[in-house]
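coords please:
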Amino acid sequence: MNAGPSGFQHAPVTKILVLLCGAVSIIAATQGRPYSFNLSYQAILKKFHLWRLLTSAFIFSSTSELIFGLYLLYYFRVFERQIGSNKYSVFILFSTIFSILFELAILTGLKDTISSGLVPGPYGIIFSLFVPFFLDIPVSTRFQIFSFRFSDKSFVYLAGLQLLLSSWKRSFIPGICGVLAGLLYRANIFHIQRIKLPKLVSSAVSWLFSPLVSSGSSTTSTRRTRRRETINAPLGQQFQQDRLVAPALVPSEEAISTLVSMGFDRSSATQALRQARNDIGAAADLLLSNQL
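This next block holds a predicted model:
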């Protein structure tokens, strides 16, 4: 399965999340303190180290967890491209908050059974994303190795399984809590899927992290805006622009495969790419707006 265009194009929130988790995890490791961010009954509910609720959501405690975790965060950027960065930010906040609440409930029930606590890391975000990955992303190819059958989604599941079992029950519980948070989002409780961040908040976040996401974004944004203007122009005006700019365009197979991997059918993807002049982002916007 193709996760879309290479890099963080049209996925600034994913870029911020990957860089943030990578940076703070490395800093914690160099200080020799990654395990001091574990969530435990003793630390949270007795000593009231509430700062761990925030730091534990972004710090991986081992190199293997860091590698597989960042890979999955990067791979799942396809969902940010599908629903947009604003709604994706809401999804991240929702899955983080509810997965932590589930973890606290389990720690309260188990109390000192898990003395070393649950491992830190964005397990809530990653494993909540496995819910739409399982339900919405179709299998593109299947193949067989010896007597075992695989699909293009198998390697993502294997990476998730490695992360889920990396520290046994200490990592298994946060992973399951993430799946539960993803199911709640899928159930659209509180109409969460309609909620967007206020413009003031999104503007403040964009300004705060602009050094991380600004590279090449202005050129891409300008180019994308021009294409949207062309797409949304009246039919007669659009026809004149088509004559002046280029003849009928044949969408590339790579672009079609990218949209198909996002869950759109091939004929609709081809039509949208023709209208968007082979611009994947603009074509995805067209397809999503037509589905509303």
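
mind listing the helices for the stretch 101-250 of the chain?
123-136, 154-164, 169-186, 199-208, 210-213, 217-232, 235-245 (DSSP state H, counting those that start in this stretch).

what's the second one packed up against?
The criterion is 3 or more C-beta pairs under 8 Å, 6 or more residues apart in numbering; DSSP states H and E, and the helices and strands that helix 154-164 contacts are helix 63-75, helix 123-136, helix 169-186. C-beta: built from backbone N, CA, C; applies to glycine.

Return the member of the helices of the stretch 101-250 of the chain having the minimum mean pLDDT.
Across those, helix 235-245 has the smallest mean pLDDT, namely a mean of 41.

mind listing what's buried in the helix or strand following that one?
Per DSSP states H and E, the first helix or strand lying C-terminal to helix 235-245 is helix 253-261. By neighbour count on 16 or more other C-beta atoms under 10 Å, the buried set for helix 253-261 is 255-261.

Quickly name whichever of the residues you listed is closest to V119.
S261 (30.8 Å; C-beta to C-beta).

Let's see the pLDDT reported for that closest one.
71.

how far away is it from S151?
The gap separating S261 from S151 is 12 Å, by C-beta to C-beta, to the nearest Å.

Now do the contacts for the spatially closest residue to N38 that is not a sequence neighbour.
Leaving aside its sequence neighbours, N38 sits nearest to G117 (C-beta to C-beta, 6 or more residues apart in numbering; 3.5 Å). By C-beta atoms under 8 Å, 6 or more residues apart in numbering, G117 lies in contact with 38-43, 107, 170.

could I get the buried residues of helix 253-261 as a markdown table with distance to V201?
Formatted as a markdown table, the buried residues of helix 253-261 follow (distance: C-beta to C-beta, whole Å):
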| residue | distance to V201 |
| --- | --- |
| A255 | 33 |
| I256 | 36 |
| S257 | 35 |
| T258 | 30 |
| L259 | 30 |
| V260 | 34 |
| S261 | 31 |
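
Once you drop chain neighbours, what's closest to G121?
Nearest to G121 is F60, by C-beta to C-beta, 6+ apart, at 4.6 Å.

ok, back up a step: out of the contacts of G117, list just those in strands.
Among the contacts of G117, DSSP state E puts none in strands.

Export those residues to CSV and append columns for neighbour count and distance to V24.
Putting the contacts of G117 into CSV (neighbours: other C-beta atoms under 10 Å; distance: C-beta to C-beta, whole Å) gives the following:
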residue, neighbour count, distance to V24
N38, 21, 15
L39, 25, 16
S40, 20, 19
Y41, 21, 24
Q42, 16, 23
A43, 19, 18
L107, 22, 22
R170, 17, 19
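
so how far is K111 from the residue nearest to N38?
G117 sits 12 Å away from K111, going by C-beta to C-beta.

shared neighbours of those two, anything?
Y41.

Surely F79 and Y88 touch.
Yes. Between F79 and Y88 a contact is recorded at 6.5 Å, counting by C-beta atoms under 8 Å.

ok, back up a step: of the buried residues of helix 253-261, closest to P122?
So of these, ranked by how close each gets to P122 (C-beta to C-beta), first place is S261, at 23.1 Å.

Settle this for me: that closest one is touching F79, isn't it.
No. If you go by C-beta under 8 Å, S261 and F79 don't touch, sitting 11.6 Å apart.

distance of G7 from R81?
From G7 to R81 the distance is 12 Å (C-beta to C-beta).

same thing with P120?
28 Å.

if we can go back for a sec, look up which helix or strand the residue nearest to G121 falls in, please.
Per DSSP H and E, there is no helix or strand for F60.

hang on, isn't it packed against S25?
Yes. Contact criterion C-beta under 8 Å: F60 and S25 qualify, at 4.4 Å.

Which of those two has more residues huddled nearby?
Comparing F60 with S25 by other C-beta atoms under 10 Å, the one with more neighbours is F60, at 28 against 24.

residue contacts, L288?
82-83.

quick one: secondary structure of it?
Under DSSP: H, G, I helix; E, B strand; the rest coil, L288 falls in the helix class.

Read off the pLDDT value for it.
So, for L288, pLDDT stands at 70.

coming back round to it: okay, G7 and R81: which has more neighbours?
R81 (24 against 12).

gap between R33 and I189?
From R33 across to I189, the span is 36 Å (C-beta to C-beta).

S267 is in contact with I256, correct?
No. Counting by C-beta under 8 Å, I256 sits too far from S267 to count as a contact (9.8 Å).

sorry, back to before: R194 is nearest to which of the helices and strands packed on helix 154-164?
Using C-beta to C-beta, the nearest of those to R194 is helix 169-186, at 11.8 Å.
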